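In: kindly generate the corresponding structure for this input.
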Amino acid sequence: MDAVLLARIQFAANITFHILFPSISIALGWVLLFFRLKHLRATDPQQKLDWLRAYRLWTKVFALTFALGVVSGVTMSFQFGTNWPGYMERVGNIAGPLLSYEVLTAFFLEAGFLGVMLFGHRRVGEAIHLGATFLVALGTLMSAFWILALNSWMQTPAGYEIVDGQFHARNWLEIVFNPSFPYRFVHMVLASSLTCAFLLIGISAWQLLKGVATASASRVLRTGLVFAALAAPAQMVAGDFHGLNTLKYQPQKIAAVEGIWETTRGAPLLLFAIPDDATRSNHFELAVPKLASLILRHDPDGELKGLNEFPSAHPPVLPLFWSFRIMVGTGILMLLVSWVGLWRHWRDGWEFSLMPRPLLRLFAGMTFAGWVATIAGWYVTEIGRQPFIVSGLIRTSEVASRVPSASIALTLVIYVTLYVGLLVAYVGVLKYMSEKPEKRPAAVTSEDLAQDPLRYQSRGEFA
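Out: Model (predicted):
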């Protein structure tokens, strides 16, 4: 295979594995802060213990997720040098500082206070421990801020000047807050919210199905359902604004997403099609007349540019077309499931013991639904920028390394094998932790618990 294509596949494998973990941790840090606040504000001893158990379990999930995110992120950053050395040679004056800001303001913040959050409870004051939890959550958000600032700049570059073929910063505010950054940042934060919410829902439902759930599992499940029910419609609104922004600055990406080859007024929305780059047409179309123009132009007769307007400068259509539909379809499913689950929970008087087992199985089956939508969305973003690495300015083929195809293929196989093993291990550990919740030992009576619920946790009686 072509060396450039292999390098792109290898980078795609890395970013696919890496994005799984930030898509959880960005929102999970704030969920942990919520659990901690609920624990501190609770006056009933049993409720206080329930929220503490929820916090302790999900802190372990956060730590595991954070560790794998760091490991895969470091590997991905190395690939700028191994696979794309020309990229840093051309835009290093912009990309380098943005990546450095991410390390200085986000990674150090997370790493510095993660230890206090994990091991400091009952060793430092409640206010300090709560502050550490807040700073870890803030660090994850800041990390997303800087990474998305760079990624968005590659999609809609601004605030730069080119001197002797190298990009230099002219205005850092324009670079960071480039035209697509606000939309991508909000879209990613909401994607993380949905991913985290369904992880909460799925693992709690699994505990209920297995009969190992404590009262905290019901509280976590309710939190996840409310979180998802609010985030899903918000994501759809944000996605609409993001799509309009993309139409303005990257019309060729929208044309590929919609499978539009010729510039068309009143363009239909294709529910199903098989785009064919060779014949520059679609096979087996199933379309809703004028709906694409209505959504994108807010006018049923609005004009949408076709791919033929961008010869040799548009992304591959088939993967983009279907990645977008997988993302949207999964998002709609998450909306329906969260709303149905919340409605059923309200109808049952907020009593989860009345939740039908088939619905709990559906919740458990959608534990990682957010991953599916997030990966599909990232494919739309990254494949949609092709054939450029910086939209309209630098082609991907211009900055690729001279490494032989065989070497890239070998390392690709090693990466994929390692990542599959790590992913299986990650899911296995989540399953183990969910099936082994903390239990109150028989020696602790209800009277003891009512008098001092935290005493027994400090003595190590909650393993």
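In: quick check, residue 212 in a helix?
Out: No: according to DSSP: H, G, I helix; E, B strand; the rest coil, residue 212 belongs to no helix; its state is coil.
In: ramachandran coordinates for it?
Out: Residue 212 has phi and psi values of phi -110, psi 10 when expressed as degrees, to the nearest 10.
In: cool, and residue 272?
Out: Residue 272 adopts backbone torsions of phi -150, psi 140, taken as degrees, to the nearest 10.
In: how about residue 134?
Out: Residue torsions, per degrees, to the nearest 10, at residue 134 are phi -60, psi -40.
In: next one: it from residue 62, what distance?
Out: Residue 134 sits 13 Å away from residue 62, taking CB to CB, to the nearest Å as the criterion. Glycine gets a C-beta too; all of them are placed from N, C-alpha and C.
In: okay, the two: which has more neighbours?
Out: Comparing residue 134 with residue 62 by neighbour count (other CB atoms under 10 Å), the higher total belongs to residue 62, at 24 against 18.
In: which residues does residue 263 contact?
Out: Taking CB atoms under 8 Å, 6 or more residues apart in numbering as the criterion, residue 263 is in contact with 303-306, 308-309.
In: swap that for residue 373, sorry
Out: Contacts of residue 373 by CB under 8 Å, 6+ apart are 191, 194-195, 326-327, 330-331, 334.
In: same list, these, but as a markdown table with distance to residue 206, neighbour count and pLDDT please.
Out: What follows is those, written out as a markdown table (distance: CB to CB, whole Å; neighbours: other CB atoms under 10 Å; pLDDT from 0 to 100):
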| residue | distance to residue 206 | neighbour count | pLDDT |
| --- | --- | --- | --- |
| 191 | 22 | 25 | 94 |
| 194 | 18 | 27 | 95 |
| 195 | 17 | 28 | 94 |
| 326 | 24 | 16 | 94 |
| 327 | 25 | 21 | 94 |
| 330 | 20 | 21 | 94 |
| 331 | 22 | 24 | 93 |
| 334 | 17 | 25 | 94 |
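In: what's the closest of these to residue 31?
Out: Among the contacts of residue 373, residue 195 lies closest to residue 31 (CB to CB), at 11.4 Å.
In: hang on, residue 126 packs against residue 40?
Out: Yes: counting by CB atoms under 8 Å, residue 40 is a contact partner of residue 126 at 6.4 Å.
In: now the contacts of residue 263 in a markdown table, please, with extra columns for secondary structure.
Out: Output for these, formatted as a markdown table (three-state DSSP):
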| residue | secondary structure |
| --- | --- |
| 303 | strand |
| 304 | strand |
| 305 | coil |
| 306 | coil |
| 308 | helix |
| 309 | helix |
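In: among those, name the buried ones.
Out: Buried members of the contacts of residue 263, scored by 16 or more other CB atoms under 10 Å, are 304-306.
In: list the contacts of stretch 300-312.
Out: For stretch 300-312, the external contacting residues (CB under 8 Å, 6+ apart) are 247, 251-252, 254-256, 258, 260-267, 280, 290-294, 296-297, 314, 317, 387.
In: apply 7 Å and report the result again.
Out: Identification of contacts with stretch 300-312 by CB atoms under 7 Å, 6 or more residues apart in numbering yields 251-252, 255-256, 258, 260-267, 280, 290, 292-294, 296, 314, 317.
In: buried subset of these?
Out: Buried subset of the contacts of stretch 300-312 (neighbour count, 16+ other CB under 10 Å): 251-252, 255-256, 258, 260-261, 264, 266-267, 290, 292-294, 296, 314, 317.
In: let me have the contacts of residue 373 in a markdown table, adding secondary structure and distance to residue 208 as columns.
Out: Output for the contacts of residue 373, formatted as a markdown table (DSSP: H, G, I helix; E, B strand; the rest coil; distance: CB to CB, whole Å):
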| residue | secondary structure | distance to residue 208 |
| --- | --- | --- |
| 191 | helix | 26 |
| 194 | helix | 21 |
| 195 | helix | 21 |
| 326 | helix | 29 |
| 327 | helix | 29 |
| 330 | helix | 23 |
| 331 | helix | 25 |
| 334 | helix | 19 |
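In: let me know the closest of those residues to residue 104.
Out: residue 191 (25.3 Å).
In: hang on, the closest one packs against residue 374?
Out: Yes: using CB atoms under 7 Å, residue 191 makes contact with residue 374 at a distance of 5.1 Å.
In: pull out the buried positions in the lengthiest helix in the chain.
Out: When the chain is parsed with DSSP state H, its longest helix is helix 45-82. For helix 45-82, a neighbour-count test (16+ other CB under 10 Å) marks 45, 47-59, 61-62, 64-66, 68-70, 72-73, 76, 79-80 as buried.
In: could you say what helices and strands that helix packs with?
Out: helix 3-19, helix 22-41, helix 85-102, helix 108-119, helix 215-249, helix 405-435, helix 446-451, helix 453-458 (3 or more CB pairs under 7 Å, 6 or more residues apart in numbering; DSSP states H and E).
In: how about those in a markdown table, adding distance to residue 271, mean pLDDT and mean neighbour count?
Out: A markdown table is the format used below for the helices and strands packed on helix 45-82 (distance: least, CB to CB, whole Å; pLDDT from 0 to 100; neighbours: other CB atoms under 10 Å):
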| stretch | distance to residue 271 | mean pLDDT | mean neighbour count |
| --- | --- | --- | --- |
| helix 3-19 | 26 | 87 | 20 |
| helix 22-41 | 27 | 91 | 22 |
| helix 85-102 | 37 | 87 | 17 |
| helix 108-119 | 42 | 83 | 17 |
| helix 215-249 | 17 | 90 | 19 |
| helix 405-435 | 32 | 89 | 14 |
| helix 446-451 | 56 | 48 | 11 |
| helix 453-458 | 53 | 48 | 16 |
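In: still on that earlier bit, which of the contacts of residue 263 sit farthest apart?
Out: Within these, 303 and 308 form the most distant pair, 13.9 Å apart (CB to CB).
In: picking that back up, I'd like the buried ones among the contacts of residue 263 laid out as CSV, including distance to residue 355 and pLDDT.
Out: Converted to CSV, these look like this (distance: CB to CB, whole Å; pLDDT from 0 to 100):
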residue, distance to residue 355, pLDDT
304, 45, 88
305, 49, 89
306, 49, 87
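In: which one of those residues sits closest to residue 431?
Out: residue 304 (45.8 Å).
In: hey, what's the closest one bridged with?
Out: Beta bridges link residue 304 to residue 264, judged by DSSP bridges.
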